[in-house]
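# Sequence and predicted model, in that order:
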Amino acid sequence: MPTFVVTLRLPDAFNEEFIAVIPRHRDFINRLLNEKIVESYAISSDRSRGWVTVNGEDAAAVQALVERFPLYRFLRGVEIDELFIFDSTASRFPHINLN
């Protein structure tokens, strides 16, 4: 299954309505992480952008998934790029410790 990186542009200011939706959004993302649909999720330290690595059939399926994010209506922009290579320490076998 192809892997995509989704770049999210967050709003300039977080109002009370936005902040109230964050717990529901995190629950949704955590479920996708547990289901291995989302491989990684990151927000920049200045909270202006986010990156989500997603496994999906195609860009349209990933777009449909992103539109289900509880915070989607607050986003200022979304970019979806299919990856040629996605490698991470999380996807490798754990190191064996023989104690």
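Here it is on my side, so go on. Everything quoted here is computed from the prediction, not taken from an experiment.
# centre of the chain versus whichever helix or strand residue 50 is part of, how much separation?
Following DSSP states H and E, one finds residue 50 within strand 49-55. With Cα atoms, centre = their mean, to the nearest Å as the basis, strand 49-55 stands 3 Å off its chain's centre.
# just the angle between the helix or strand following it and strand 49-55, please?
Later in the chain than strand 49-55, the nearest helix or strand by DSSP H and E is helix 59-66. Angle between the axes of helix 59-66 and strand 49-55 is 120 degrees (criterion: axes from the mean of the first three to the mean of the last three Cα atoms, to 10 degrees).
# what does whichever helix or strand comes after helix 59-66 rub up against?
For helix 59-66, the following helix or strand on the C-terminal side (DSSP H and E) is strand 77-82. For strand 77-82, contacts defined as Cβ atoms under 8 Å, 6 or more residues apart in numbering pick out 2-9, 59, 62-63, 66. (Each C-beta comes from the backbone N, C-alpha and C, glycine too.)
# can you state the direction angle for strand 77-82 and strand 49-55?
Using the same axes, to 10 degrees: strand 77-82 against strand 49-55 is 40 degrees.
# I'd like the average pLDDT over strand 77-82.
Mean pLDDT, strand 77-82: 98.
# coming back round to it: outside of the strand holding residue 50, which residues touch it?
With contact meaning Cβ under 8 Å, 6+ apart, strand 49-55 is reached by 1-10, 29, 32, 36-44, 62, 65-66, 83, 86.
# Sort out which residues of that strand are buried, please.
50, 52-55 (16 or more other Cβ atoms under 10 Å).
# Quick check: the farthest pair among those residues?
Taking Cβ to Cβ as the measure, the buried residues of strand 49-55 span a maximum distance of 17.3 Å, between 50 and 55.
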